[in-house]
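> kindly generate the corresponding structure for this input.
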Amino acid sequence: MSRSSYLPMFSLTRLGLFFVALLVANGVTMTAQDSPKKKQPQNQQEMLDVWIGTGRSQLSQGIYHTQLNTSTGKLSQVTLVAEADGPGFLALHPKLPILYTVCELDKKPVVAAYAVDTGKGRASLKLVDSVEIGDGGAAHLSVEPTGHTLLTAQYGTGSVGVFALNDDGSIRSRTQLVKHEGGSKVDPKRQEAPHAHWTGFSPDNRFAFVPDLGLDKVVIYRLDAANSKIEPHGFGQLPAGSGPRHMKFDNSGRFIFVLNELALTITVFRYDAQAGNMTPIETVETVPASEKDKEQAISASEIRVHPNGRFVYSANRGHDTITAFSFDESKGHLTFIEREHVRGATPRNFNIDPTGKWLLAAGQDSHTLAAFAIDPKTGELTYNRSCVTTPSAICVLFGK
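Next up, the predicted model:
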């Protein structure tokens, strides 16, 4: 290399070092990500899939999908991902990309399994198979943690359906149909007969629970998950005329919260995991009687426990609000925080995202899905002005 060609290169090198030293002196550091030519794509982990079950209406065509940005609480445009008649409630397989729903296919009430595909930036569902319930349509369904057994609750006929699942998540068969009997008859129109309304499992997966609105009881079954069988074990008694609808365990597994549809109350139970027994502690109202009297029709619909275990939320149809409580685990006591309007009509369902930052409330009659920020210290809700059109939304289910 000649002296004339060496000097310019050396000068440029000295100039580059000078600018680097200047940046460091001013507290500025650069990495490969700082280069303006290498703009990083949005963190995909910030976008959470949301599956939406819908009721029968002229607007609804089946199961819908949106995404929640867990940083901003904004919802993406809602899209139809599977056509079905009245796919009200949804459940995900605990280990596989399979989504289940209770709906009608070819005018027959069934449990249906769909393969989930969220690749290539688009979500889709493909029907795997379906099995007839054989006792009318179901109001709810759940899959136990091992992924061997699925339960359905038939409100109209007061029965529990038990279904065996294959290793690939497909539905093998219905193994049992258990009929509830009786009725508290406190409300002659709603409690004249049994009305099974929800299904779920104990944290140790030894027992299954079915709140029955017509009986004023939570019916408890001993569960044989491997063989997809249940057998009667006992019940939790609710106050007369309560109309139990849905329930949830607290994070410790030592307490159960039962939401009572007719009374608009929550009954807290202490749970004995070894014996599989539930003992009532207290019952609190979600809407005061003075405000209930102002509504033509009002009923409780859904209950959720915040991921941090400190807050409990319930939904009030007709009043169109979410009631927030704080929970004292040492006493098993709920304390009222606030009631927040859902910015829609008839909140039949809502859910809290896994980060605990956002609550999504579905308005069945307003055809909306609205997002609310959750204050991690107080549990209070703040509407973040993200509301998307969702036909007859009645179930909100977050992806894994």
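> what segments of the stretch 51-200 of the chain are strands?
Along the stretch 51-200 of the chain, counting by DSSP state E, counting those that start in this stretch, strands occupy 62-69, 79-83, 90-92, 98-105, 108-117, 124-132, 140-143, 149-154, 159-165, 171-179, 200-201.
> reformat those strands as TSV; add mean neighbour count and distance to Ile52.
Where C-beta positions appear, they are placed from N, C-alpha and C, glycine not excepted. Listed next are the strands of the stretch 51-200 of the chain as TSV, based on neighbours: other C-beta atoms under 10 Å; distance: least, C-beta to C-beta, whole Å:
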stretch	mean neighbour count	distance to Ile52
strand 62-69	22	4
strand 79-83	17	9
strand 90-92	21	8
strand 98-105	24	11
strand 108-117	21	13
strand 124-132	16	12
strand 140-143	22	16
strand 149-154	28	19
strand 159-165	23	23
strand 171-179	16	22
strand 200-201	20	20
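> and Ala164, what is it in contact with?
Residues near Ala164 by C-beta atoms under 8 Å, 6 or more residues apart in numbering: His148, Thr149, Ile171, Arg172, Ser173, Arg174, Thr175, Asn227, Ser228.
> what's across from it in the sheet?
Counting by DSSP bridges, Ala164 is bridged to Thr149, Ser173.
> could you find the closest non-adjacent residue to Cys387?
Nearest non-adjacent residue to Cys387, counting by C-beta to C-beta, 6 or more residues apart in numbering: Ala370, 4.3 Å away.
> Trp358 is in contact with that neighbour, correct?
No: contact status for Ala370 versus Trp358: not in contact, 10.5 Å apart, counting by C-beta atoms under 8 Å.
> for this protein, which spans come out with low pLDDT?
1-45 (pLDDT under 70).
> isn't Asp212 right next to Pro244, touching?
Yes: here Asp212 reaches Pro244: they are 6.7 Å apart, a contact under C-beta under 8 Å.
> residues shared between the contacts of these two?
Common contact partners of Asp212 and Pro244 (C-beta under 8 Å, 6+ apart): His197, Val218.
> give the contact list for Thr335.
Contacts of Thr335 (C-beta under 8 Å, 6+ apart): Phe325, Ser326, Phe327, Asp328.
> export the strands of the stretch 51-200 of the chain to CSV and tack on distance to Arg310?
Below are the strands of the stretch 51-200 of the chain laid out as CSV (distance: least, C-beta to C-beta, whole Å):
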stretch, distance to Arg310
strand 62-69, 22
strand 79-83, 34
strand 90-92, 25
strand 98-105, 30
strand 108-117, 32
strand 124-132, 35
strand 140-143, 25
strand 149-154, 29
strand 159-165, 32
strand 171-179, 36
strand 200-201, 21
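> which of the ones you listed sits closest to Ala362?
When those are compared by C-beta to C-beta, strand 62-69 sits nearest Ala362, at 10.5 Å.
> quick one on the thing from earlier: tell me which two of the contacts of Ala164 sit farthest apart.
Ile171 and Asn227 (15.5 Å).
> quick one, helices of this structure?
In the chain, the helices defined using DSSP state H lie at 3-25, 289-292.
> in the shortest one, which residues are buried?
So the one you mean is helix 289-292. Lys292 (16 or more other C-beta atoms under 10 Å).
> so what touches it?
Leu264, Ile298, His319.
> in PDB, list the C-alpha atoms belonging to it.
Extracted C-alpha coordinates of helix 289-292, given in PDB (Å, rounded to 0.1, in the frame of the first residue of the first chain):
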ATOM      1  CA  ALA A 289     -80.900  -4.500  46.900                       C
ATOM      2  CA  SER A 290     -81.800  -0.800  46.300                       C
ATOM      3  CA  GLU A 291     -80.000  -0.900  42.900                       C
ATOM      4  CA  LYS A 292     -81.400  -4.300  42.000                       C
END
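> now do it: distance to the chain's middle.
On the basis of C-alpha atoms, centre = their mean, to the nearest Å, helix 289-292 sits 28 Å off its chain's mean C-alpha point.
> ditto for stretch 46-64
The answer for stretch 46-64 is 13 Å, by C-alpha atoms, centre = their mean.
> now do the buried residues in that stretch.
Under 16+ other C-beta under 10 Å, the buried positions of stretch 46-64 are 47-55, 60-64.
> can you check stretch 216-232 too?
Buried residues in stretch 216-232 (16+ other C-beta under 10 Å): Asp216, Lys217, Val218, Val219, Ile220, Tyr221, Leu223, Asp224, Ala225, Ser228, Lys229, Ile230.
> out of these, list just those in strands.
Lys217, Val218, Val219, Ile220, Tyr221, Leu223, Asp224, Lys229, Ile230 (DSSP state E).
> roughly how far does the last one sit from Asn251?
Between Ile230 and Asn251 the distance, using C-beta to C-beta, to the nearest Å, works out to 25 Å.
> do the second one as well
Counting by C-beta to C-beta, the gap between Val218 and Asn251 amounts to 19 Å.
> check Thr265 too.
22 Å.
> same check on Leu151?
Taken as C-beta to C-beta, the span from Leu151 to Asn251 is 22 Å.
> contacting residues for Cys395?
Here Cys395 is in contact with Trp51, Ile52, Gly53, Thr54, Gly88, Phe89, Leu90, Asn349, Ala362 (C-beta under 8 Å, 6+ apart).
> with distance to Ser290 added, can I get those residues in a markdown table?
Supplementary listing: the contacts of Cys395 in a markdown table, determined by distance: C-beta to C-beta, whole Å:
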| residue | distance to Ser290 |
| --- | --- |
| Trp51 | 38 |
| Ile52 | 34 |
| Gly53 | 34 |
| Thr54 | 34 |
| Gly88 | 32 |
| Phe89 | 33 |
| Leu90 | 36 |
| Asn349 | 26 |
| Ala362 | 27 |
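> which of these lies closest to Glu340?
Ala362 (14.5 Å).
> count of residues packed around the closest one?
Ala362 has 29 neighbours, counted by other C-beta atoms under 10 Å.
> quick one, which of the strands of the stretch 51-200 of the chain gets closest to Leu381.
Nearest of these (C-beta to C-beta): strand 62-69, 15.3 Å.
> which outside residues touch that closest one?
46-54, 74-85, 87, 90, 99, 101, 103, 114, 123, 125, 353, 358, 360, 369, 371, 388, 390-391, 393, 398.
> report the backbone C-alpha coordinates of it in PDB.
This file holds the C-alpha atoms of strand 62-69, laid out as PDB (Å, rounded to 0.1, in the frame of the first residue of the first chain):
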ATOM      1  CA  GLY A  62     -69.600 -19.000  15.100                       C
ATOM      2  CA  ILE A  63     -66.300 -18.700  17.000                       C
ATOM      3  CA  TYR A  64     -64.400 -15.500  16.700                       C
ATOM      4  CA  HIS A  65     -60.800 -14.400  17.400                       C
ATOM      5  CA  THR A  66     -59.000 -11.300  18.400                       C
ATOM      6  CA  GLN A  67     -55.600 -10.500  19.900                       C
ATOM      7  CA  LEU A  68     -54.800  -8.500  23.100                       C
ATOM      8  CA  ASN A  69     -51.700  -6.400  23.200                       C
END
